[in-house]
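[1] here you go, sequence then predicted model.
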Amino acid sequence: MANAAIGYKIREQRKRLGLTQAALAKRLGISASYLNLIEANKRSAGGKLLNRLAAALGLDVDVLSGAAEQRLSDDLRELPMDPVFQHIDLEQNFADEVVARNPDWARLILTLYRAYLDGHQALSALSDRLNRDPWLQASVHRMLTHITTIRSAAEILDDTADLDATRRARFHSMLHSESTRLTEAAQQMVSFFELQNTTNPSAAASEQVDEFIIGQRNYFPELEDAGRQLRQELDRLRQGNIDGALVEFLHSEFGIEIRTSESGADAASFTNQACFDADNRVLTFIANAPPTTRRFQMARIAAKLVFGDTLEQCVNDPRLGTETARRQAARALSSYVAGVALLPYAPFLEDAERCRYDIEILRQKYDAGYEQVCHRLVTLRDPHSEGVPFAFLRVDPAGHVSKRFPLFGFPLPRFGHACPLWTVFNAFQTPGRVVRDLVEFPDEHRFLMIARTVTKRAATFRAQPVMFAVMLACDAIHADRTVYAEGIDLHRENRALPVGPSCRQCERQGCPHRQEPLITSAA
């Protein structure tokens, strides 16, 4: 849908600005005949040419390319993945028509669905707590006991007319004391439910954060500047020793003390193996946190404290409609600044191009984690100096998607599971080794998938290590820029592995791995 509209948008905006084809072509440094082919959708416009076109026409790249509309269409197309819609026969292409005719209606549908997700999630959480939480079960039992006692005392007072004053006073006292205890128990339960309502994560908030970051193409120039400033300050403190510089910077500037917990400490209070007590100015790491994690979390805290105003300005965005969404986005952006400080844009991109995006070489040179390098590769989206455009996906062995960043034309799952043939799932069969595949979707679009497991080491003998699989994917036209395309014939027709987006969206009816019917064939 989006690609077919590019030529039309270029022509309409050019006419709106009063430019001739010859004049616009001269600005772009191309021939008028080539621009004519682009406007007629007979030639594609991508990469640097698309950026120049957007600048010359005064349009955002996503608006010109149709990426924003494509994201809406992709989101709508994935809604039927939810089992609540399984009995509705839907045509997938109708999503494109809805977005093309009225994108605001598409956004309304998605907003309503996200509200449903939040309500359903809250209901499920409360249902689980009511059925399994021992405190709630004891509270309900205690309330029933108080109610039974009150009812018994009230019946005695109502049915027995010849009670003496002493006994009547005792039952009145019992009614008062039991009513007080019942009120206290009810107030405790109300407070419990109010706390659950504020602590349960919002599915809609996560969706808003995704839309916000994707809408920026995961590139924030102001945060790149912030990260560079932080790196310059750290280099000034201790040249070449970034860990010592971070410790010194946090202590000297903010009075923060760095500690390490005892082995086997309660991990519930830690997020990403770190716990920051802002009131007491203490940053504590779990005992098994590796140096790369410690370094990144220190940089993230530094970014949050130094550039709090910049982060607040960034998240003051209409796409982040709730305080929960803005809080989640601010945390993600503080991590973005930390990534810039530890992996500076220009030298990192230069090194990535030189080693052909070999993640192992990059992580050794920058002493960074595998996932940290992958995150940084996805943010190399400066229009004037762009790296290979990558999609990013992180899943656990159960297939739960915990992190995602889509790529135009690459159908990352938002609801439900992805195709089991994707390389990210194969990575679990060979832990610690990089696996790669050239894959082809039913629409004949090809991508190179690169995946590897990442394991968080256990803190004690009895603890189980936590394992994820991380995947990068790029369009096949960029694959030869990476080391991972070596030995793969990118042009051979039958070389690519046939995959799909997910079973319910995949048209490959004869696939032996199919677990669910295609949406349009579901009864």
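    Right, received. Where do you want to start? Keep in mind it's a predicted model, so treat the numbers as computed, not measured.
[2] centroid-nearest residue for the protein?
    Nearest residue to the geometric centre of the chain (C-alpha atoms, centre = their mean): Lys403, 4.4 Å.
[3] show me how this protein divides into domains.
    Using automatic domain parsing, the domain parsing of the chain gives 2-101, 133-199, 204-342, 381-523.
[4] secondary structure element for Asp104?
    Secondary structure assigned from DSSP states H and E places Asp104 in helix 103-132.
[5] the nearest residue to Phe254 once chain neighbours are set aside sits in which helix or strand?
    Distances taken as C-beta to C-beta, 6 or more residues apart in numbering place Leu305 nearest to Phe254, at 5.6 Å, with adjacent residues excluded. Just so you know, the C-beta spots here come from the backbone N, C-alpha and C atoms, and that holds for glycine as well. Following DSSP H and E, one finds Leu305 within helix 291-306.
[6] cool, and Leu283?
    Secondary structure from DSSP H and E places Leu283 in strand 282-285.
[7] separation between the closest residue to Ser269 other than its chain neighbours and Thr149?
    In this structure, Ser269 finds its nearest non-sequential neighbour in Cys275, 5.2 Å apart by C-beta to C-beta, 6+ apart. Counting by C-beta to C-beta, to the nearest Å, the gap from Cys275 to Thr149 is 44 Å.
[8] who has more neighbours, the two?
    Applying other C-beta atoms under 10 Å to Cys275 and Thr149 shows that Cys275 carries more neighbours, namely 20 against 17.
[9] quick check on the more buried one: phi, psi?
    Main-chain torsions, Cys275, degrees, to the nearest 10: phi -140, psi 120.
[10] you'd agree Asn51 is up against Arg381?
    No. Using C-beta atoms under 8 Å, Asn51 is not in contact with Arg381, being 10.7 Å away.
[11] re earlier: give me the number of residues near the residue nearest to Phe254?
    Using other C-beta under 10 Å, Leu305 has 16 other residues around it.
[12] show me what whichever helix in the chain runs longest is packed against.
    Across the chain, the helix with the greatest residue count (assigned by DSSP state H) is helix 165-199. Contact analysis of helix 165-199 by 3 or more C-beta pairs under 8 Å, 6 or more residues apart in numbering; DSSP states H and E lists helix 103-132, helix 134-159 as its packing neighbours.
[13] put together a markdown table for those helices, with mean pLDDT and distance to Gln229 on each row.
    Below are the helices and strands packed on helix 165-199 laid out as a markdown table (pLDDT from 0 to 100; distance: least, C-beta to C-beta, whole Å):
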| stretch | mean pLDDT | distance to Gln229 |
| --- | --- | --- |
| helix 103-132 | 73 | 36 |
| helix 134-159 | 82 | 48 |
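[14] nearest to Val373, out of the ones you listed?
    helix 103-132 (31.9 Å; C-beta to C-beta).
[15] ok, which of the helices and strands packed on helix 165-199 comes nearest Ala485?
    Short answer: helix 103-132, nearest of these by C-beta to C-beta, at 35.9 Å.
[16] show me the contacts for Tyr484.
    357, 434, 436, 448, 450 (C-beta atoms under 8 Å, 6 or more residues apart in numbering).
[17] now Gly58
    By C-beta under 8 Å, 6+ apart, the residues touching Gly58 are 13, 17.
[18] state the distance from it to Leu19.
    In terms of C-beta to C-beta, Gly58 sits 11 Å off from Leu19.
[19] for Leu518, the count of nearby residues, please.
    Around Leu518 there are 16 residues (other C-beta under 10 Å).
[20] pretty sure it sits against Gln509.
    Yes. The pair Leu518 / Gln509 is scored as a contact, 7.0 Å apart, by C-beta under 8 Å.
[21] what's the overlap in contacts for these two?
    Common neighbours of Leu518 and Gln509 (C-beta under 8 Å, 6+ apart) do not exist.
[22] pull out the buried positions in stretch 449-466.
    Of the residues in stretch 449-466, 449-454, 456, 459 count as buried by neighbour count, 16 or more other C-beta atoms under 10 Å.
[23] who touches that stretch?
    Stretch 449-466 is contacted from outside by 263-265, 267, 273, 286-288, 290, 359, 369-371, 422-424, 426-428, 430-439, 467-473, 482, 484, using C-beta under 8 Å, 6+ apart.
[24] of the residues you listed, buried ones?
    265, 267, 273, 286, 288, 359, 369-371, 422-424, 426-428, 434-439, 468-473, 482, 484.
[25] related to what we said a few turns ago, need the residues that contact the helix holding Leu305.
    Contact partners of helix 291-306, identified using C-beta under 8 Å, 6+ apart, comprise 226-227, 230, 242-243, 246-247, 249-250, 253-254, 256, 258, 272-274, 276, 283, 285, 289, 311, 330, 334-335, 337-339, 341-342, 367-369, 372.
[26] which ChimeraX command selects the buried ones in those?
    Only the buried entries of the contacts of helix 291-306 go into this ChimeraX selection, using 16+ other C-beta under 10 Å:
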select :226,227,230,242,246,247,249,250,256,258,273,274,276,283,285,289,311,330,334,335,337,338,339,341,342,368,369,372
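[27] is it true that Phe212 touches Ala329?
    Yes. The criterion here is C-beta under 8 Å, and Phe212 meets it with Ala329 at 5.8 Å.
[28] quickly list what's touching both of the two.
    Here Phe212 and Ala329 have 315, 317, 320 as joint contacts, going by C-beta under 8 Å, 6+ apart.
[29] of those, which belong to strands?
    Among the shared contacts of Phe212 and Ala329, no member is found in strands (DSSP state E).
[30] what's the angle from the host helix or strand of Val247 to helix 291-306?
    Per DSSP H and E: Val247 is located in helix 242-254. Relative orientation of helix 242-254 and helix 291-306, computed by axes from the mean of the first three to the mean of the last three C-alpha atoms, to 10 degrees: 30 degrees.
[31] tabulate the CA atom coordinates of helix 242-254 in PDB.
    What follows is helix 242-254, C-alpha atoms only, in PDB (Å, rounded to 0.1, in the frame of the first residue of the first chain):
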ATOM      1  CA  ILE A 242      35.000   4.400  31.500                       C
ATOM      2  CA  ASP A 243      34.000   2.200  34.500                       C
ATOM      3  CA  GLY A 244      36.100   4.300  37.000                       C
ATOM      4  CA  ALA A 245      34.900   7.500  35.300                       C
ATOM      5  CA  LEU A 246      31.200   6.500  35.800                       C
ATOM      6  CA  VAL A 247      31.800   5.600  39.500                       C
ATOM      7  CA  GLU A 248      33.600   8.900  40.100                       C
ATOM      8  CA  PHE A 249      31.100  11.000  38.100                       C
ATOM      9  CA  LEU A 250      28.100   9.600  40.000                       C
ATOM     10  CA  HIS A 251      29.800  10.100  43.400                       C
ATOM     11  CA  SER A 252      31.200  13.500  42.800                       C
ATOM     12  CA  GLU A 253      28.200  15.000  41.000                       C
ATOM     13  CA  PHE A 254      25.300  13.400  42.800                       C
END
